[in-house]
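Colleague: A predicted structure for the sequence below; I have some questions about it.
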There are 2 protein chains.
Amino acid sequence: MTTYRDIFTRHGLRCTRQRETLYAALKVTKSHPTAEELHDRVRDQDAGLSLATVYNTLDAFTAAGLIRRLPSTLGSGPCRYDADTHEHVHLTTPDGRIMDVPDDLSERFLDQLSDELVAELERRTGMRIGRVSVQLVTESR
Amino acid sequence: MTTYRDIFTRHGLRCTRQRETLYAALKVTKSHPTAEELHDRVRDQDAGLSLATVYNTLDAFTAAGLIRRLPSTLGSGPCRYDADTHEHVHLTTPDGRIMDVPDDLSERFLDQLSDELVAELERRTGMRIGRVSVQLVTESR
DNA sequence: TGGAGATTTGGAATGATTCTAAGCCTTGGC
DNA sequence: GCCAAGGCTTAGAATCATTCCAAATCTCCA
């Protein structure tokens, strides 16, 4: 079996108690928490874990490609973090929350986008496109 | 012909010198400026126009649907503004800039997305989807 | 086991945005 | 055209999220 230590090592990250705690906490949730929310959620397990460490750690994870940072959809407000790095579609709410689109729909949605068109875009723009980010922006009803 | 005054009125906004200046400045650029950049660009035309007014005005325009607010793609950093509200695809750079995908490609890209699938998503999630936001995330090469 | 260097920490600092309260301007009614 | 009512603008203060700092601690490899 693969331990968190293994995962961290493979991504060039040292294994610390704080990192294990935070990664585990992010892995189990589907809510795309903010740094503060995550800080709150690990408080009972490790009361000394500082908010600065939460930020440092999430930055390190993001840089290593272990997690994804989701900018606030509102423009202001805290960003959110997602331990699920496989390409998937997000649903964004008017109050700034971010939800996952069910996997089957997400996949069907992304499958529609032709690789050929992406390739043409790369040719025309001269830039390499790493991924296509899709959000379904919901409105109150 | 349609004046800015007409446009503002139709959107329920009063017409002021500052609003005309800012809307005109945003209309002519393709660079998706930040509030500060916009403030700089209008300084020669109206030196007294305050940064607070830039923020207030951009908020009012955004709320009225006259322009679009683009959250920083980096997660931290200032957001950007776009006077072009028609659905189009953005190309985002690693340094936080946002570029438009050429219109023909943008259109071809969005045409691929089936309305049917969006409708199914609305049914399943119970939320109304206002628009589909697509960014092509580029990587340095 | 030792030590180089990465990580953690609280607090200070920064950057972007929002708030506040006072004065000014726009608008609609006369 | 003139006047209120209320929206808009403004500088500066306040807030919020994030980053920086420097000292103490921990991790990992030899």
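Modeller: Structure received. All of these numbers come straight from a predicted model, not from anything done at the bench. Numbers count the residues shown, from 1 in each chain, chains lettered A, B, ... in the order given.

Colleague: When you work out contacts or count neighbours from here on, use the C-alpha atoms and nothing else.
Modeller: OK.

Colleague: Could you tell me which residues of chain A lie near chain B?
Modeller: Within chain A, the positions near chain B by C-alpha under 8 Å from any C-alpha of the partner chain are A:69-76, A:79, A:101, A:105, A:109, A:112-114, A:117, A:121, A:127-141.

Colleague: contacting residues for the one residue in chain A that gets nearest to DNA strand D?
Modeller: Nearest residue of chain A to DNA strand D: A:P78, at 3.3 Å (C-alpha to the nearest atom of the strand). Shown in contact with A:P78 (C-alpha atoms under 8 Å, 6 or more residues apart in numbering or on different chains): A:T34, A:A35, A:P71, A:S72.

Colleague: Please tell me how far it sits from DNA strand C.
Modeller: 10 Å (C-alpha to the nearest atom of the strand, to the nearest Å).

Colleague: three-state assignment of that residue?
Modeller: Of the three states, A:P78 takes coil according to DSSP: H, G, I helix; E, B strand; the rest coil.

Colleague: Which pLDDT value belongs to it?
Modeller: With respect to pLDDT, A:P78 scores 97.

Colleague: Quick check on the residues of chain A next to chain B: which are buried?
Modeller: Among the residues of chain A next to chain B, those that count as buried by neighbour count (16 or more other C-alpha atoms under 10 Å in any protein chain shown) are A:69-76, A:79, A:101, A:105, A:109, A:113, A:121, A:127-129, A:132-138.

Colleague: What values do phi and psi take at A:S114?
Modeller: Phi and psi for A:S114, reported as degrees, to the nearest 10, are phi -80, psi 140.

Colleague: what packs against the longest strand seen in chain A?
Modeller: If you go by DSSP state E, chain A has its longest strand at strand A:128-139. Contacts defined by 3 or more C-alpha pairs under 8 Å, 6 or more residues apart in numbering or on different chains; DSSP states H and E place strand A:128-139 against strand A:90-92, helix A:115-125, strand B:128-139.

Colleague: I'd like the ones you listed laid out as JSON lines, including mean pLDDT and distance to A:L58.
Modeller: Output for the helices and strands packed on strand A:128-139, formatted as JSON lines (pLDDT from 0 to 100; distance: least, C-alpha to C-alpha, whole Å):
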{"stretch": "strand A:90-92", "mean pLDDT": "97", "distance to A:L58": "20"}
{"stretch": "helix A:115-125", "mean pLDDT": "90", "distance to A:L58": "30"}
{"stretch": "strand B:128-139", "mean pLDDT": "95", "distance to A:L58": "20"}
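
Colleague: closest to DNA strand C out of these?
Modeller: That would be, of the helices and strands packed on strand A:128-139 and by C-alpha to the nearest atom of the strand, strand A:90-92, which comes in at 17.3 Å.

Colleague: On the C-terminal side of the closest one, identify the next helix or strand.
Modeller: strand A:98-100 (DSSP states H and E).

Colleague: how many degrees apart are the following helix or strand past that following strand and strand A:128-139 in direction?
Modeller: Note on strand A:98-100: by DSSP H and E, the next helix or strand toward the C-terminus is helix A:103-111. Between helix A:103-111 and strand A:128-139, the angle comes out at 130 degrees (axes from the mean of the first three to the mean of the last three C-alpha atoms, to 10 degrees).

Colleague: okay, helix A:103-111 in CSV with CA atoms only?
Modeller: This file holds the C-alpha atoms of helix A:103-111, laid out as CSV (Å, rounded to 0.1, in the frame of the first residue of the first chain):
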residue,chain,number,x,y,z
ASP,A,103,-18.0,12.1,-12.4
ASP,A,104,-20.0,10.7,-15.2
LEU,A,105,-21.3,14.0,-16.3
SER,A,106,-18.0,15.7,-15.8
GLU,A,107,-16.3,13.2,-18.0
ARG,A,108,-19.0,13.4,-20.7
PHE,A,109,-18.6,17.2,-20.6
LEU,A,110,-14.8,17.1,-21.0
ASP,A,111,-14.9,14.4,-23.7
